[in-house]
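**Student:** Build me a model from this:
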Amino acid sequence: MASLSASRPDDSALISSALRGDEEALNELFSRYYRFLHFLACRVLGGREDAQDVVQNCLLRAVRNLQQFNNDGAFRSWLARILVNEAIDLLRKRRRRPQFSVRRVSTAASLVHRDADCDSVLGIPAAVI
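**Tutor:** The predicted structure follows:
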């Protein structure tokens with residue numbers, strides 16, 4: 001069991017290497033937590049639909065802010081916090097976007113009716129209507 005831990009560097013060693021520009025260390029670090037992050041994203045978002053995008057955004061934000069990571073805490077918890085914030089941002093954007101349902105569109109369409117008198121004034125032939 002000791003040989004397994006000796007061959008696998010801990011997170012803080014990988015973070016130090018990644019901060020020095022070691023891409024392999026960064027890839028190893030993220031590959032350790034990818035499945036966990038994807039699972040967490042699915043749980044927070046309620047499905048797999050946007051989980052991949054949220055995980056990618058999380059990893060991008062982690063790369064940009066890696067130098068701000070406090071090595072006293074757990075890297076996994078730091079990544080989880082970033083992911084949850086990304087998921088919340090996505091959910092907020094969805095809420096702000098107007099949602100149209102078929103029912104609303106059909107109701108709105110029924111409110112817009114053709115007025116034969118207006119059409120004749122505008123010179124629109126009845127055959128076009």
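
**Student:** where does this protein have low pLDDT?
**Tutor:** Counting by pLDDT under 70, the ranges of the chain that qualify are 1-6, 97-129.

**Student:** Show residues contacting the host helix or strand of residue 53.
**Tutor:** Take DSSP states H and E as the rule and residue 53 turns out to sit in helix 51-64. For helix 51-64, the external contacting residues (C-beta atoms under 8 Å, 6 or more residues apart in numbering) are 26, 30, 34, 37-38, 41-42, 44-45, 78-79, 82-83, 86-87, 90. Where C-beta positions appear, they are placed from N, C-alpha and C, glycine not excepted.

**Student:** Buried ones among those?
**Tutor:** Buried by 16 or more other C-beta atoms under 10 Å: 26, 30, 37-38, 41-42, 44-45, 78-79, 82-83, 86-87, 90, out of the contacts of helix 51-64.

**Student:** Show me which pair in the residues you listed is furthest apart.
**Tutor:** Longest distance between any two of those is 25.2 Å, between 26 and 45; criterion C-beta to C-beta.

**Student:** Of the buried ones among the contacts of helix 51-64, which belong to strands?
**Tutor:** Per DSSP state E, strands hold no members of these.

**Student:** Walking through this structure, point out its helices one by one.
**Tutor:** 2-7, 11-19, 23-45, 51-64, 75-96, 102-111, 116-122 (DSSP state H).

**Student:** Which elements pack onto the fifth one?
**Tutor:** The elements that helix 75-96 packs onto, with contact taken as 3 or more C-beta pairs under 8 Å, 6 or more residues apart in numbering; DSSP states H and E, are helix 11-19, helix 23-45, helix 51-64.

**Student:** CA-only coordinates of it in PDB, if you can.
**Tutor:** Extracted as PDB, the C-alpha positions of helix 75-96 are listed here (Å, rounded to 0.1, in the frame of the first residue of the first chain):
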ATOM      1  CA  PHE A  75      -8.400  21.000  -3.200                       C
ATOM      2  CA  ARG A  76     -11.500  18.900  -3.700                       C
ATOM      3  CA  SER A  77     -13.500  21.300  -1.600                       C
ATOM      4  CA  TRP A  78     -12.200  24.300  -3.400                       C
ATOM      5  CA  LEU A  79     -13.100  22.700  -6.800                       C
ATOM      6  CA  ALA A  80     -16.500  21.800  -5.500                       C
ATOM      7  CA  ARG A  81     -17.200  25.400  -4.400                       C
ATOM      8  CA  ILE A  82     -16.200  26.700  -7.800                       C
ATOM      9  CA  LEU A  83     -18.400  24.100  -9.500                       C
ATOM     10  CA  VAL A  84     -21.400  25.000  -7.300                       C
ATOM     11  CA  ASN A  85     -20.900  28.700  -8.000                       C
ATOM     12  CA  GLU A  86     -20.800  28.000 -11.800                       C
ATOM     13  CA  ALA A  87     -24.000  25.900 -11.600                       C
ATOM     14  CA  ILE A  88     -25.800  28.600  -9.600                       C
ATOM     15  CA  ASP A  89     -24.700  31.200 -12.300                       C
ATOM     16  CA  LEU A  90     -26.100  28.900 -15.000                       C
ATOM     17  CA  LEU A  91     -29.400  28.500 -13.100                       C
ATOM     18  CA  ARG A  92     -29.700  32.200 -12.600                       C
ATOM     19  CA  LYS A  93     -29.100  32.800 -16.300                       C
ATOM     20  CA  ARG A  94     -31.800  30.300 -17.200                       C
ATOM     21  CA  ARG A  95     -34.300  32.000 -14.800                       C
ATOM     22  CA  ARG A  96     -33.600  35.400 -16.400                       C
END
